[in-house]
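Asker: what's the 3D shape of this:
(chains A and B)
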Amino acid sequence: MTAPASREPALPARCAATRSDLPGLDGHELSTRRATELRTHLADCPDCAALAASYRSVRRTLADLHHVAATPPDGLLETIIDHTSAPSPREKAAVLGRGVVSGARPRVIAAGAGIGAVATVGAGLLAWRAVRARRSAA
Amino acid sequence: MDVDPEVVRACQRGEAGALDALVRATYADVYALAYRLVRDREEAADVTQEVFMRVMRSVVGFRGESAFGTWLHRVTVNTALTSLRKRSRRPQPGREAFGMPGDEAIGTVDTDAGPEERAERAELLARAEAAVAALPEASRTIVVLRDIEGLSTAEVAAATGLSETAVKVRLFRARERLRASLADSSVTPLPRRRRGTA
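Answerer: Residues are numbered from 1 along each chain as shown, chains lettered A, B, ... in the order given. Predicted structure coming up:
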């Protein structure tokens, strides 16, 4: 069994074209030219003007929903604070790494540079001594 | 999301308690936005936690090119969208479609309005919330970002990875559907089509 097809009267072409774009009129999602065309039509067509008003009303209601807040579950704050105040070693390394790359942790950068310099000099010294020992053995 | 820049700077300096202060000041807003996008309390809580882990990792590198609140908003949207994408790849148990037990309307109604008017307004908002929740996920994300959170279509396109044209097409369809859903409301009178009028 099939449902009978709805027998709504066909809209005049101008109304049909207007209605497909009406949802974007108040959100400034149409070109200026198209918005002007729609407003011109709305001035002469009470049906489309009423429909435009209902879209405006829906958009206002949606904007008001911004202030309707879902309440966070109990314990969420404590869980987040636990996680952020006691990060895993991986998290700690990531935070440190980011700080070094961004330049936001100058002391870490300076310490890293110092350790790097000492390690380089030490490695050089060891290599030099090894070469010297080999030469004296030869 | 309003965040005191001094708290952000304190976090960047690694001061004790600064991150806690930042979390306390913003977690409810982050959760509310996450919930609006994912429509699942547990998932929204997970998203909120993930957001703050990302904040912890990235706050030292935050350069202040935009307001911290804007950045936090973007991190929340991205994290929620990532969660939605992961969800679409796994089997779906029954999810909350309507109703938000424990939800509160904050500052939604003019305090000068009478009790009856406030009740009507609250009912309309609850109906609107349910209508948004009933939208298909892809459309709902766009409506939430554009019409509820107030992002531009370009920002919505960037967040969702869609073209601006695709965003507009989905947005228009979703608004049409929402208008039809809210049509019974006394606050949103619907026009009646007259036969054969121009």
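
Asker: low-confidence ranges, chain A, go.
Answerer: Along chain A, segments meeting pLDDT under 70 span A:1-9, A:87-108.

Asker: and the residue of it closest to chain B?
Answerer: Of all residues in chain A, A:Ala50 sits closest to chain B, at 3.1 Å by C-beta to the nearest C-beta. C-betas here are computed from N, CA, C, even on glycine.

Asker: burial of that residue, as a residue count?
Answerer: Counted by other C-beta atoms under 10 Å in any protein chain shown, the residues lying close to A:Ala50 total 15.

Asker: could you do the one 10 residues further on as well?
Answerer: When neighbours are defined as other C-beta under 10 Å, A:Arg60 has 13 of them.

Asker: where does it fall, secondary structure wise?
Answerer: Using DSSP states H and E, A:Arg60 falls within helix A:46-65.

Asker: which secondary structure elements does that helix sit against?
Answerer: Contacts defined by 3 or more C-beta pairs under 8 Å, 6 or more residues apart in numbering or on different chains; DSSP states H and E place helix A:46-65 against helix A:13-21, helix A:32-44, helix B:115-133, helix B:164-181.

Asker: could you check the angle the longest one makes with helix A:46-65?
Answerer: Direction vectors for helix B:115-133 and helix A:46-65, defined by axes from the mean of the first three to the mean of the last three C-alpha atoms, to 10 degrees, enclose an angle of 90 degrees.

Asker: dump the residue contacts of the closest residue to A:Pro72 other than its chain neighbours.
Answerer: Using C-beta to C-beta, 6 or more residues apart in numbering or on different chains and skipping residues adjacent in sequence, the residue nearest A:Pro72 is B:Tyr31, 4.2 Å away. B:Tyr31 makes contacts with A:Ala70, A:Pro72, A:Leu76, B:Ala44, B:Ala45, B:Thr48, as judged by C-beta atoms under 8 Å, 6 or more residues apart in numbering or on different chains.

Asker: by neighbour count, which of those residues wins?
Answerer: Counting by other C-beta under 10 Å, top hit in those: B:Thr48 with 30 neighbours.

Asker: okay, that residue: pLDDT?
Answerer: At B:Thr48, the model reports a pLDDT of 96.

Asker: within the helices and strands, which one has it?
Answerer: helix B:41-58.

Asker: show me what that helix is packed against.
Answerer: Taking 3+ C-beta pairs under 8 Å, 6+ apart as the contact cut, helix B:41-58 packs with helix A:76-85, helix A:89-102, helix B:18-38, helix B:68-88.

Asker: that older thread, mind exporting the helix holding A:Arg60 as CSV, just the C-alpha atoms?
Answerer: Only the C-alpha atoms of helix A:46-65 are listed here, as CSV (Å, rounded to 0.1, in the frame of the first residue of the first chain):
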residue,chain,number,x,y,z
PRO,A,46,2.7,38.5,2.7
ASP,A,47,3.0,34.7,2.7
CYS,A,48,6.7,34.8,2.0
ALA,A,49,7.1,37.7,4.4
ALA,A,50,5.4,35.6,7.2
LEU,A,51,7.7,32.7,6.4
ALA,A,52,10.7,34.9,6.6
ALA,A,53,9.5,36.1,10.0
SER,A,54,9.3,32.5,11.2
TYR,A,55,12.8,31.8,10.1
ARG,A,56,13.9,34.9,11.9
SER,A,57,12.2,33.7,15.0
VAL,A,58,13.8,30.3,14.8
ARG,A,59,17.3,31.9,14.4
ARG,A,60,16.6,34.1,17.5
THR,A,61,15.6,31.0,19.5
LEU,A,62,18.7,29.1,18.3
ALA,A,63,20.9,32.1,19.3
ASP,A,64,19.3,32.0,22.8
LEU,A,65,20.2,28.3,23.1
